[in-house]
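Trainee: Sequence first, predicted coordinates after that:
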Amino acid sequence: MSKIGRKPIDISKLQIEVKGHEVNYKGPKKSGTYVLPEELEARVEDKQLFVVPTKAAATMRDINRIWGLHRALLANALSGAAQDFEKGVQIIGLGYKASKSGKGLTLALGYSHKINFELPAGVTVDIDKTGQNLTFKSPDKELVGLVCSKLRALRLPEPYKGTGIRLADEVIARKAGKAKAA
């Protein structure tokens, strides 16, 4: 039995309608449809949603992996419909900063030119007044992570001075510099 698959999903802030293998959901931030594979079905009981394998699939060898994966993906979709996902990014370095411009960002990252970074639809960003702490928000968890990783790839954090772009909860292993000869 899948440890993750058997956990219930809280749907108290959402409207859920189950039709066969489709789960239609509507929340304050997002609405949509999640299609479960034919081996799984969804049941609503007491403001909770359960994803369970069908009787025919209960004897399948790989059902636990499918069950846990789709329960987690469905839980993320429903959680994003109720409340936005947030991810923080820090820009560290002398003169490194970000500013809003149109539908995206303009970044000064120590290169000879400024970089224009387009934000996809559904992602918003909050920038503090220093321009070095950014918070990305979206109802889609995967999209927030993708945007943050693309931004981080523009100037990876370096291990000697610690400058670059890093996630707010990321820890960079620092290295010692070259020692002076005595």
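Mentor: Ah, there it is. Since this is a predicted model, take the numbers as computed values, not measurements. Numbers count the residues shown, from 1 in each chain.

Trainee: Please state the backbone phi and psi of the residue nearest the centre of the chain?
Mentor: The centroid of the chain falls nearest to K141 when counting by C-alpha atoms, centre = their mean (2.9 Å). With angles defined as degrees, to the nearest 10, K141 sits at phi -60, psi -40.

Trainee: and what of A72?
Mentor: Dihedral pair for A72: phi -70, psi -40, per degrees, to the nearest 10.

Trainee: ditto for Q83
Mentor: Per-residue torsions, Q83: phi -150, psi 140 (degrees, to the nearest 10).

Trainee: pretty sure Q90 contacts T135?
Mentor: No: applying C-beta atoms under 8 Å as the test, Q90 and T135 come out as separate, 10.4 Å apart. (C-beta placed from N, C-alpha, C; glycine too.)

Trainee: Kindly report the domain assignment for the chain.
Mentor: When the chain is parsed with automatic domain parsing, its domains come out as 9-82, 85-167.

Trainee: So the residue nearest to the centre of the chain is in contact with F85, correct?
Mentor: Yes: shown here, K141 and F85 form a contact pair, counting by C-beta under 8 Å, at 4.6 Å.

Trainee: Walking through the chain, point out its helices one by one.
Mentor: 63-82, 141-152 (DSSP state H).

Trainee: Show me what the shortest one is packed up against.
Mentor: Counting contacts by 3 or more C-beta pairs under 8 Å, 6 or more residues apart in numbering; DSSP states H and E, helix 141-152 packs against helix 63-82, strand 85-92, strand 133-138, strand 164-167.

Trainee: how far off helix 141-152 does the first one point, in degrees?
Mentor: The one in question is helix 63-82. 80 degrees (axes from the mean of the first three to the mean of the last three C-alpha atoms, to 10 degrees).

Trainee: pLDDT weak spots in this structure?
Mentor: Applying pLDDT under 70 to the chain flags the ranges 182.

Trainee: Show me what F85 is bridged to.
Mentor: Beta-bridge pairing of F85 under DSSP bridges involves S138.

Trainee: OK, contacts around it?
Mentor: Applying C-beta atoms under 8 Å, 6 or more residues apart in numbering, we find F85 in contact with 79, 137-141, 144.

Trainee: Of the residues you listed - the most surrounded one?
Mentor: With neighbours taken as other C-beta atoms under 10 Å, the top of the contacts of F85 is S138, carrying 25 neighbours.

Trainee: quick one: contacts for the closest residue to R43 other than its chain neighbours?
Mentor: Nearest non-adjacent residue to R43, counting by C-beta to C-beta, 6 or more residues apart in numbering: F50, 4.9 Å away. Shown in contact with F50 (C-beta under 8 Å, 6+ apart): 6, 8-9, 42-44.

Trainee: ok, 10 Å please
Mentor: Residues near F50 by C-beta atoms under 10 Å, 6 or more residues apart in numbering: 5-9, 41-44, 71.
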